[in-house]
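J.: Here you go, sequence then predicted model.
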Amino acid sequence: MTAPAGTPEQRAFARRTVELPVQVGDTDQRVAGAIRFDTRDLSLGGAFLRSDLLFEVGEVLALEFSIPGGPTVHARGRVVHVARDPQLPTGMGIAFANLSECDREAVRAFLARG
């Protein structure tokens with residue numbers, strides 16, 4: 001998900017390459033259960049989820065993931081980018097739409113550990 005050559009990155013938050021399992025569910029609870037994805041990277045603003053199963057841009061998802069050595073984070077996230085380029089990892093860019101201050105601090109502390 002890097003910007004094309006000559007195009008500056010337009011990210012509000014620095015990303016950290018990290019693989020964490022994420023449970024993704026339906027925010028309207030129309031479907032029971034969740035789907036497991038893995039992150040490729042994580043920031044305070046969101047995550048990139050690697051997957052061949054792709055949601056549509058604009059969809060809002062319920063996310064749950066555990067911080068290693070920390071709490072389980074619960075958030076809502078909006079799909080902001082879908083990557084289908086065969087030369088790059090397939091997946092979705094998710095922007096956190098609702099993250100409690102406690103969960104935000106847990107993510108911040110994890111990212112700071114480097």
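T.: Noted; the coordinates are in hand.
J.: Stretch 104-114: how far from the chain's middle?
T.: In terms of C-alpha atoms, centre = their mean, to the nearest Å, the centre of stretch 104-114 is found 14 Å from the chain centre.
J.: what's the longest strand in the protein?
T.: Counting residues, the longest strand found in the chain (DSSP state E) is strand 72-83.
J.: residue contacts, the residue nearest the centre of the chain?
T.: Ranked by distance to the mean C-alpha position of the chain (C-alpha atoms, centre = their mean), the top residue is residue 47 at 2.5 Å. By C-beta atoms under 8 Å, 6 or more residues apart in numbering, residue 47 lies in contact with 22, 39-41, 63, 77, 93-94, 96. (C-beta placed from N, C-alpha, C; glycine too.)
J.: Could you do residue 14 as well?
T.: The contact partners of residue 14, by C-beta under 8 Å, 6+ apart, come to 43, 111.
J.: before we move on, the earlier item: just want the angle from whatever helix or strand the residue nearest to the centre of the chain lives in to strand 72-83.
T.: Taking DSSP states H and E as the definition, residue 47 sits inside strand 46-50. If you take axes from the mean of the first three to the mean of the last three C-alpha atoms, to 10 degrees, strand 46-50 sits at 70 degrees to strand 72-83.
J.: mind listing the strands for this protein?
T.: Under DSSP E, the chain gives strands at 16-17, 21-26, 35-42, 46-50, 60-66, 72-83, 91-99.
J.: Now mean pLDDT and distance to residue 105 too, for those strands, in a markdown table please.
T.: Formatted as a markdown table, these follow (pLDDT from 0 to 100; distance: least, C-beta to C-beta, whole Å):
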| stretch | mean pLDDT | distance to residue 105 |
| --- | --- | --- |
| strand 16-17 | 93 | 16 |
| strand 21-26 | 92 | 19 |
| strand 35-42 | 95 | 14 |
| strand 46-50 | 96 | 16 |
| strand 60-66 | 95 | 15 |
| strand 72-83 | 96 | 10 |
| strand 91-99 | 94 | 10 |
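J.: Can you say which of those strands is packed in most?
T.: Mean neighbours per residue, mean count of other C-beta atoms under 10 Å, is largest over the strands of the chain for strand 46-50, with a mean of 24.
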